[in-house]
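Q: coords please:
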Amino acid sequence: MKKTAVILFSILCISLFTGCKDSGKKVLRKRIENMEKSSGKPMTEQEIKDSIEKYYDDIEEIQKKTMQIAIWYKMLGTRMLDKKEYGTALEYFQKALEITPDNSVLYFYAGECAAFLGNASLDISATGNLEKRQNYYLMAEDAYLKALAIDEKYVYALLGIGILYSYQMENSEAAIPYLEKLLTIDKKNIDAMFVLARCYYLTKQYDMAVSYYDLIIDTSKVDSVRKTAEENKQKVLGQAYGN
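A: Below is the predicted model:
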């Protein structure tokens, strides 16, 4: 699947997971326990070692099948994400993470789903209680941070958390370091430049905001993008100097 969800969002507006390790070993242990019970007497150390050797190939096969299940859960998750069925997609990504808890891509996808679910959460009772929405945003934050803990140069996760902090959580100052880091890795990432310029504008660092809009104008070859950057730049200058 093309990783377009975070990019599309930026253009338009712009510990929850647990690991399930050594499943093969758990199955083996259960088999040995059953063998011990069925034998009617405790197994000796050598008999246990012989059993491990006998079932070693089974362990590898179980591990391969378990990894394949994780791949299938990821495939289902990405298909649901394409259909904008974010809740179902999140469930599949969580299931995949239970099998492969060191997968940065799965954490990124889970973060995307949680962020979109937060956006869709409504205060139906009009009580001003947005706890559900905030919980989804915190879930997204946790997922993005876990992805970056595994791969600190993961551009999509850097952009994802930058958007989350700036737009949904209204904390542009927190977003800045992640976006700055992204642009040291992908120097021509226009989406990151737009979000970062906005962050600097909202934190009243107007000169920095203008510099990034200028960078977009110099970097992009798309007329509409350059036009938007120029318009935003003029707004910043007007705000900064009262024009």
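Q: elements contacting the helix or strand encompassing Asp57?
A: For Asp57, the enclosing helix or strand under DSSP states H and E is helix 56-82. Judged by 3 or more C-beta pairs under 8 Å, 6 or more residues apart in numbering; DSSP states H and E, helix 56-82 is in contact with helix 23-39, helix 86-99, helix 104-120. The C-beta positions use only the backbone N, C-alpha and C, and glycine is treated the same way.
Q: and those, which one's lowest on average pLDDT?
A: Mean pLDDT across the helices and strands packed on helix 56-82 is lowest at helix 23-39; the value there is a mean of 58.
Q: next SSE after that helix?
A: By DSSP H and E, the next helix or strand past helix 23-39 is helix 45-54.
Q: how about whichever strand or helix holds Met139: buried residues?
A: Assigned by DSSP H and E, Met139 belongs to helix 131-150. For helix 131-150, burial by neighbour count (16 or more other C-beta atoms under 10 Å) applies to 133, 136-137, 139-148, 150.
Q: ditto for stretch 102-120
A: For stretch 102-120, by 16+ other C-beta under 10 Å, it's 103-119.
Q: wait, Lys181 sits on Leu159?
A: No - here Lys181 lies out of contact with Leu159, judged by C-beta atoms under 8 Å, at a distance of 10.5 Å.
Q: low pLDDT regions in the protein?
A: Within the chain, the stretches with pLDDT under 70 are 1-42, 122-129, 243.
Q: excluding chain neighbours, what is closest to Glu141?
A: Computed as C-beta to C-beta, 6 or more residues apart in numbering, the closest residue to Glu141 that is not its neighbour in sequence is Leu164, at 6.1 Å.
Q: ditto for Ala197
A: Tyr212 (3.8 Å).
Q: before we move on, which element is the nearest residue to Leu183 once chain neighbours are set aside in?
A: Using C-beta to C-beta, 6+ apart and skipping residues adjacent in sequence, the residue nearest Leu183 is Ala192, 5.6 Å away. Under the criterion of DSSP H and E, Ala192 resides in helix 190-202.
Q: contacts for that helix?
A: 6-7, 10-11, 14, 158-159, 162-163, 166, 172-173, 175-176, 179-180, 182-183, 186, 206, 208-209, 212-213, 215-216, 219-220, 225, 229, 232, 236, 239 (C-beta atoms under 8 Å, 6 or more residues apart in numbering).
Q: same question for stretch 102-110.
A: Applying C-beta under 8 Å, 6+ apart, the set of residues contacting stretch 102-110 is 3, 17, 19, 70, 74, 77-78, 81, 89-90, 93-94, 96-97, 100, 139, 143-144, 146-148, 150-151, 154, 156-157, 160.
Q: at 6 Å instead, please
A: Leu90, Phe93, Ala96, Leu97, Ala143, Lys146, Ala147, Ile150, Asp151, Tyr154, Tyr156, Ala157 (C-beta atoms under 6 Å, 6 or more residues apart in numbering).
Q: what angle sits between the host helix or strand of Tyr212 and helix 190-202?
A: Taking DSSP H and E as the definition, Tyr212 sits inside helix 206-219. When axes from the mean of the first three to the mean of the last three C-alpha atoms, to 10 degrees is applied, the directions of helix 206-219 and helix 190-202 differ by 160 degrees.
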